[in-house]
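Participant: structural data only, the sequence is not supplied:
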DNA sequence: TCCATTCTATGATCTGCATCATAGAAGCTC
DNA sequence: GAGCTTCTATGATGCAGATCATAGAATGGA
């Protein structure tokens, strides 16, 4: 089954974009194209200048940086109805990080050129953007704090909890992450190795704190994981 | 010698505030008070709701979070002519981090109440703010990347280089950091221990990469330190 | 000037986790 | 279902750096 998304439909679901009037959305949508990326494919690479930013229709995208040692670090994950690359668009500098699909992802390539004139005039949009960027900064600082000092177990807990906040869905037994993650992907976010990530997750699995069903992690003992953070 | 700063003088030097018209600055200044903090004193503590944000006249302020293990982590350092707490002011949520003076610091307590009405109407100010916040986010991600994967030596190099970018002044022999830093303060930014910070700095001192003169670090071999990052 | 605190320095030990190695399980493609 | 790749799993080893301990240097206040 091929999900069919229309540009305007995608835009209308994005919180930030709703600050724009319907005509603007229509105009931008008319000049933007849907695209798809399979797991592992890049939406753009670092430094590459593209003429669009992204609005996600379905799927998940990770933003990564790679240290010269070849280790990749994932700084953020974006999901459905979120936009990415907007800041780079506004600054005209391009995004400082590469973006990769975490799973099959459908997204809209929003025309920068069409978007910018509306953006410039729109105070509400700017307010939204400030709020969103401010939240991201807070989250980045929270991550920075833990990633730089805590043990691996705590770092992974932090990552899972942050993800659960954005992409967790309650189930009868706990909270399941809608974003599909391998141990490798988790390790990249926690700044550790696959092996360590696996060890921690296995241990938690044994203790009944979590359970994973084909790349979807379910947190059974949320409280126990939160307890690790303090 | 007591440096004398006037509220309006401080505001006029802040890049972000310049988006406001002179009358607005005058009005805000008339309702804001200068204050001072000695090294180690807090300008505010986390969660505490205050009715001002800060514009630094002289000195340096570090933003910190403390993990429950009692370890403090410094996420950012602000210097002269910079504002802090503005995002918290706008969101009405208060700042998520505590702020401490790194050395004797003189600052203006800018009245939130006076500032906000002008802010709401001012598109240019919002543009400035978006640019600034975007930069901070980029820096936070860059830090996150290195802090979570690199060895201590590299982490400290990264911290020094980021500081040098904002607070480095060229000298005949190299680049000196205008912000006074103890090994402890450095360790807090690099997410390591005092001892490790001292070991790394001592080693560099021996090799002539850096030299410290009463808390002011001078980088003699900038290239050599940058080489560590890749 | 003396005393107290803070800061730098360095050595000894202990441990978390990266690294290397190997293998079974699960998922895809033909 | 055979064979490939990707993912999970687990054990052995080594090292970076935390932790503990101790002491001298620098700074600041009475």
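Facilitator: Right, received. Where do you want to start? Every value quoted in this text rests on a predicted model; they were computed, and no experiment measured them.

Participant: the helix or strand encompassing residue A:227 close to DNA strand C?
Facilitator: For residue A:227, the host element (DSSP states H and E) is helix A:222-228. No - shown here: helix A:222-228 not in contact with DNA strand C (C-beta under 7 Å from any atom of the strand), separated by at least 11.8 Å. Any C-beta I mention is one placed from the backbone N, CA and C, and that applies to glycine too.

Participant: which helices and strands sit right next to that helix?
Facilitator: Contacts defined by 3 or more C-beta pairs under 8 Å, 6 or more residues apart in numbering or on different chains; DSSP states H and E place helix A:222-228 against helix A:152-167.

Participant: 10 Å instead?
Facilitator: helix A:152-167, strand A:210-213 (3 or more C-beta pairs under 10 Å, 6 or more residues apart in numbering or on different chains; DSSP states H and E).

Participant: what's in contact with that helix?
Facilitator: Contacting residues not belonging to helix A:222-228 are listed as A:150-151, A:153-158, A:160-161, A:164, A:168, A:170, A:174-175, A:204, A:207-210, A:219, A:221 [C-beta atoms under 10 Å, 6 or more residues apart in numbering or on different chains].

Participant: among the residues you listed, the buried ones, what's the PyMOL command?
Facilitator: The buried residues among those can be selected in PyMOL (16 or more other C-beta atoms under 10 Å in any protein chain shown) with this line:
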select buried, chain A and resi 150+153+154+155+156+157+158+160+161+164+168+174+175+204+209+210+219
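
Participant: list the buried residues in the helix holding residue A:227.
Facilitator: In helix A:222-228, counting by 16+ other C-beta under 10 Å, buried: A:222, A:225, A:228.

Participant: min pLDDT across those, which one?
Facilitator: The member of the buried residues of helix A:222-228 with the lowest pLDDT is residue A:228, at 90.

Participant: and it, how far from chain B?
Facilitator: 10 Å (C-beta to the nearest C-beta, to the nearest Å).

Participant: kindly report the same for residue A:111.
Facilitator: Applying C-beta to the nearest C-beta to residue A:111 and chain B gives a distance of 20 Å.

Participant: what's the closest of the helices and strands packed on helix A:222-228 to DNA strand C?
Facilitator: helix A:152-167 (3.8 Å; C-beta to the nearest atom of the strand).

Participant: list just the nearest of the buried residues of helix A:222-228 to residue A:39.
Facilitator: Residue A:39 has its nearest neighbour among the buried residues of helix A:222-228 in residue A:225, at 26.4 Å by C-beta to C-beta.

Participant: is the helix ranked longest in chain A in proximity to DNA strand C?
Facilitator: The longest helix of chain A (DSSP state H) is helix A:123-149. No - on the criterion C-beta under 7 Å from any atom of the strand, helix A:123-149 is out of touch with DNA strand C, staying 10.0 Å away.

Participant: need the helices and strands packed on helix A:222-228 in TSV (columns: distance to residue A:103 and mean pLDDT).
Facilitator: Below are those laid out as TSV (distance: least, C-beta to C-beta, whole Å; pLDDT from 0 to 100):
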stretch	distance to residue A:103	mean pLDDT
helix A:152-167	12	96
strand A:210-213	15	92
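
Participant: just put the ones you listed in TSV and tack on distance to residue B:190.
Facilitator: Compiled in TSV, those are given as follows (distance: least, C-beta to C-beta, whole Å):
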stretch	distance to residue B:190
helix A:152-167	16
strand A:210-213	31
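
Participant: adding distance to DNA strand D, write those out as CSV.
Facilitator: Formatted as CSV, the helices and strands packed on helix A:222-228 follow (distance: least, C-beta to the nearest atom of the strand, whole Å):
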stretch, distance to DNA strand D
helix A:152-167, 12
strand A:210-213, 7
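
Participant: among the ones you listed, which comes closest to residue B:65?
Facilitator: Using C-beta to C-beta, those put helix A:152-167 closest to residue B:65, at 12.5 Å.

Participant: okay, now the residue in chain A that DNA strand D sits nearest to: neighbour count?
Facilitator: Using C-beta to the nearest atom of the strand, the closest approach of chain A to DNA strand D is made by residue A:183 at 3.3 Å. Number of residues near residue A:183 (other C-beta atoms under 10 Å in any protein chain shown) recorded here: 21.

Participant: do residue A:192 as well
Facilitator: What residue A:192 shows, counting by other C-beta under 10 Å, is a neighbour count of 22.

Participant: for it, which non-adjacent residue is spatially closest?
Facilitator: Distances taken as C-beta to C-beta, 6 or more residues apart in numbering or on different chains place residue A:152 nearest to residue A:192, at 5.0 Å, with adjacent residues excluded.

Participant: for DNA strand D, what are the nearby residues on chain A?
Facilitator: Counting by C-beta under 7 Å from any atom of the strand, the residues of chain A near DNA strand D are A:182, A:183, A:184, A:194, A:195, A:198, A:199, A:201, A:202, A:205, A:212, A:215.

Participant: residue A:111 contacts residue A:33, doesn't it?
Facilitator: Yes - Residue A:111 lies in contact with residue A:33 (C-beta atoms under 10 Å); the separation is 8.5 Å.

Participant: overlap in contacts of these two?
Facilitator: Counting by C-beta under 10 Å, 6+ apart, the residues touching both residue A:111 and residue A:33 are A:7, A:52.

Participant: of these two, which one has the most company?
Facilitator: residue A:111 (20 against 12).

Participant: the more buried one: what's it in contact with?
Facilitator: Counting by C-beta under 10 Å, 6+ apart, residue A:111 has contacts A:7, A:27, A:28, A:29, A:30, A:31, A:32, A:33, A:51, A:52, A:53, A:89.
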